[in-house]
Every structure is written in structure tokens, then in C-alpha cells.
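Undergrad: pasting the structure only:
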């Protein structure tokens with residue numbers, strides 16, 4: 001049986017620029033732009049004679065697949081059987097992420113770009129600089145080095161910053177202030193995340209203690225990942241440790257899993273998996289926080305590999 005050519009449908013409702021981007025970057029040969037991509041999907045299903053067959057829908061429950069599109073498909077193919085195929089696609093994407101040398105090379109390049117972005121922020125970080133200028137330094141470095149758009153940046157600053165916050169503020173930094181960044185960079189279609197913390201001199205004692213605890217959580221996580229424990233078990237343990245210390249967890253401590261981004265909570269990490277580890281917590285009243293981490297990879301031997309040179313700690317300048 002001949003392989004079926006996949007089709008990518010792109011909406012032109014706000015202009016043809018997205019079609020141009022798709023044509024320049026997609027591995028698919030059949031890329032179609034129109035005002036109503038659902039009509040192209042219907043045409044493709046008819047062409048494949050699948051109108052009474054089984055049709056998989058991806059990311060419907062998460063809200064990524066529009067309900068209006070789903071309703072239109074059901075109206076046009078009343079005899080078809082629709083089911084959620086998100087898990088099937090994620091499993092296939094994860095297998096590629098674990099085994100593709102090409103994806104691994106792109107991942108390493110992404111992490112190099114993130115390291116250079118960190119160096120640019122450190123170079124610009126001094127008393128009197130505005131938080132927004134540090135955002136600009138990171139953005140400039142990422143684009144200049146070759147990072148793809150749209151990369152994702154969140155950041156905040158102050159003597160006791162709590163993550164996350166956006167957009168960039170006009171806050172003028174002084175001695176004892178900390179800046180927290182979380183940045184996703186894309187290169188060659190592959191994305192990875194880094195979170196780093198930089199302080200202008202030593203912060204307040206209670207803030208420094210929080211980052212010491214963050215270091216403990218980070219080290220603990222890397223050790224536990226090598227024990228074949230499930231992601232969920234480790235995540236729950238981290239939450240317990242954070243609560244026991246008198247703090248509140250903020251955001252998942254482990255996430256952004258492989259190219260699929262869908263973390264299998266009830267499974268342990270597999271060789272070749274890569275994902276973000278960034279302990280993130282705050283005080284009970286949300287007035288101070290601590291966070292740092294990075295994308296790590298599980299080696300073929302089941303060991304944790306750091307992919308970035310940026311120090312995973314509170315970096316005091």
C-alpha cells in the first residue's frame with residue numbers, strides 16, 4: 001500500500017504570511033492556504049474516501065482543536081467515527097524525539113543559543129539598568145544568533161521577585177535585586193526551555209535561603225529521575241517538600257516534554273527523553289519566590305545529562 005501524502009492546512013484569514021512560513025519550514029510537501037481550512041480538510045477526507053471511516057482528532061480536549069471545526073466535520077461525515085488520537089500522536093512524536101540524531105543536534109543548538117542569551121543578560125546586568133532592557137538583551141541575542149520566532153519570554157525583577165510576570169517592566173534595578181527569566185527558544189522547529197536567576201550582589205538572607213532550598217530541590221529531582229520513578233511521583237514529592245518547608249509550589253516543577261510537550265505523568269523517563277526541570281515556589285503570601293532550571297536529557301544509560309552551560313543556581317554578580 002502506497003504511503004499517503006500528509007496535508008497541512010493554513011488559515012489565510014489574517015493574511016498569507018503564515019502560509020509563507022509554513023512553506024519555508026514544513027517537512028510536508030502538500031501545504032494549502034485558504035480562508036476556511038476546514039473545507040480543505042473535508043476535501044482531503046473525501047479524496048482519501050474516509051468519510052465513513054475512523055478519524056482521529058488531536059488536542060480537542062485541551063482546546064487546541066476548535067469545536068467549530070469538529071462540529072463541521074461531524075455534519076459533513078455523519079457516518080464517520082471520531083476519536084481522540086492525541087495520545088497516539090504524542091507517543092509517535094516521543095519515539096522520534098528519543099531516537100532522532102537530527103532532532104538531538106537541533107536540541108543542542110537550541111541550548112547553545114539559550115546559554116548565549118544568558119551571557120548577554122549578564123553582560124547588561126548592572127545597577128541602573130531597567131528590567132525591560134534585560135529582556136531586550138536576551139531577545140537581541142536570541143535573534144542575532146539564529147533563534148526562530150516566536151520564542152517565549154517571561155521575567156520579573158526586584159528584591160524579592162515572584163514568578164511569573166509579563167510584560168517587561170520599567171523597574172530600575174539596584175544592589176540586592178534579582179531578575180528571574182524563563183525563556184523558550186526555537187531552532188529548526190525544536191524548542192527547549194531555560195530558567196535562570198541573577199542577583200546584583202547578595203540578596204536578603206531570607207531570599208538567599210529560598211534559593212538554597214531551590215538548589216536542594218533541583219539536585220533531588222535529578223537524582224530521583226535516575227531511579228525510574230514516575231514523573232507524577234517525583235512531582236508530588238517535590239510539592240510535599242515545598243509545603244513542608246513552608247512555601248507554595250508554582251507551576252509544574254517538571255514539564256515541556258520532548259517535541260510532543262505532553263508529559264506521561266504515570267511513566268518514568270525513557271532514554272532519549274528531554275524535558276525541563278525547574279523548581280519553582282513562593283512564600284505563602286506570594287510576596288517572594290525562587291526559581292531556576294533547564295532542559296535536561298536522559299542518556300541511553302538512563303543518566304541525567306545537562307545540555308546547558310548556564311549555572312543552575314542563583315548567579316550572584
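TA: Now that the structure is in, tell me what you want to look at. These numbers come from a predicted model, not from an experiment.
Undergrad: and whichever strand or helix holds residue 22, which residues are buried?
TA: Using DSSP states H and E, residue 22 maps to helix 17-25. Using 16 or more other CB atoms under 10 Å as the test for burial, helix 17-25 gives 19, 22. Using the backbone N, CA and C atoms, a C-beta is placed for each residue, glycine as well.
Undergrad: can you check stretch 29-42 too?
TA: By neighbour count on 16+ other CB under 10 Å, the buried set for stretch 29-42 is 31-33, 37-38, 40-42.
Undergrad: and the end-to-end length of that stretch?
TA: Terminal residues of stretch 29-42 are spaced 19 Å apart (CA to CA, to the nearest Å).
Undergrad: Please apply the same query to stretch 24-32.
TA: Between the opening and closing residues of stretch 24-32 lies a distance of 13 Å (CA to CA).
Undergrad: from the chain's centre, how far out does it sit?
TA: Counting by CA atoms, centre = their mean, to the nearest Å, stretch 24-32 is centred 23 Å from the centre of its parent chain.
Undergrad: Same question for stretch 167-178.
TA: Worked out by CA atoms, centre = their mean, stretch 167-178 lies 25 Å from the chain centre.
Undergrad: Report the buried residues of that stretch.
TA: Under 16+ other CB under 10 Å, the buried positions of stretch 167-178 are 168, 171, 173, 176-178.
Undergrad: Break the protein down into its structural domains.
TA: Domains of the chain are assigned by automatic domain parsing as 7-94, 100-316.
Undergrad: per-residue confidence averaged over stretch 108-125?
TA: The average of the pLDDT scores along stretch 108-125 is 97.
Undergrad: Contacts made by the helix holding residue 22 with the rest, please.
TA: Contacts with helix 17-25, where a contact means CB atoms under 8 Å, 6 or more residues apart in numbering, come from 8, 10-12, 31, 33, 189.
Undergrad: which residues touch the nearest residue to residue 250 once chain neighbours are set aside?
TA: Spatial nearest neighbour of residue 250, excluding adjacent residues (CB to CB, 6 or more residues apart in numbering): residue 280 at 4.7 Å. Residue 280 sits next to 163, 195, 249-251, 253, 289-291, 293 when contact means CB under 8 Å, 6+ apart.
Undergrad: Lowest-confidence entry in those?
TA: Within the contacts of residue 280, pLDDT is lowest for residue 163, at 83.
Undergrad: which residues does that one contact?
TA: Going by CB under 8 Å, 6+ apart, the list of residues near residue 163 reads 154, 156, 180, 182, 250-251, 280, 282, 289, 291.
Undergrad: Quickly name whichever of those residues is closest to residue 116.
TA: Using CB to CB, residue 182 comes nearest to residue 116 of these, at 16.8 Å.
Undergrad: ok so, going back, mind putting the contacts of residue 280 into JSON lines with distance to residue 310?
TA: Output for the contacts of residue 280, formatted as JSON lines (distance: CB to CB, whole Å):
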{"residue": "163", "distance to residue 310": "17"}
{"residue": "195", "distance to residue 310": "9"}
{"residue": "249", "distance to residue 310": "23"}
{"residue": "250", "distance to residue 310": "21"}
{"residue": "251", "distance to residue 310": "19"}
{"residue": "253", "distance to residue 310": "18"}
{"residue": "289", "distance to residue 310": "19"}
{"residue": "290", "distance to residue 310": "16"}
{"residue": "291", "distance to residue 310": "14"}
{"residue": "293", "distance to residue 310": "10"}
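Undergrad: Out of these, grab the one that's most surrounded.
TA: The most neighbours of any of those, using other CB atoms under 10 Å, belong to residue 290, which has 30 neighbours.
Undergrad: partner residues bridging it?
TA: residue 281 (DSSP bridges).
Undergrad: isn't it right up against residue 214?
TA: Yes - counting by CB atoms under 8 Å, residue 290 touches residue 214, with 4.3 Å between them.
Undergrad: which neighbours do these two share?
TA: Common neighbours of residue 290 and residue 214 (CB under 8 Å, 6+ apart) are 279, 281, 314.
Undergrad: got a list of what the second one touches?
TA: The one in question is residue 281. Neighbours of residue 281 in contact, by CB under 8 Å, 6+ apart: 210, 213-214, 217, 242, 247-250, 289-291.
Undergrad: and with 6 Å instead?
TA: Residue 281 makes contacts with 242, 247, 249-250, as judged by CB atoms under 6 Å, 6 or more residues apart in numbering.
Undergrad: The stretch 151-300 of the chain: strands as residue ranges?
TA: In the stretch 151-300 of the chain, the strands defined using DSSP state E, counting those that start in this stretch lie at 178-187, 190-199, 247-249, 254-255, 274-277, 280-283, 289-291, 294-298.
Undergrad: picking up where we left off before, need the pLDDT of the residue nearest to residue 250.
TA: 96.
Undergrad: mind checking how far it is from residue 71?
TA: To residue 71, residue 280 is 38 Å away according to CB to CB, to the nearest Å.
Undergrad: No more questions from me, cheers.
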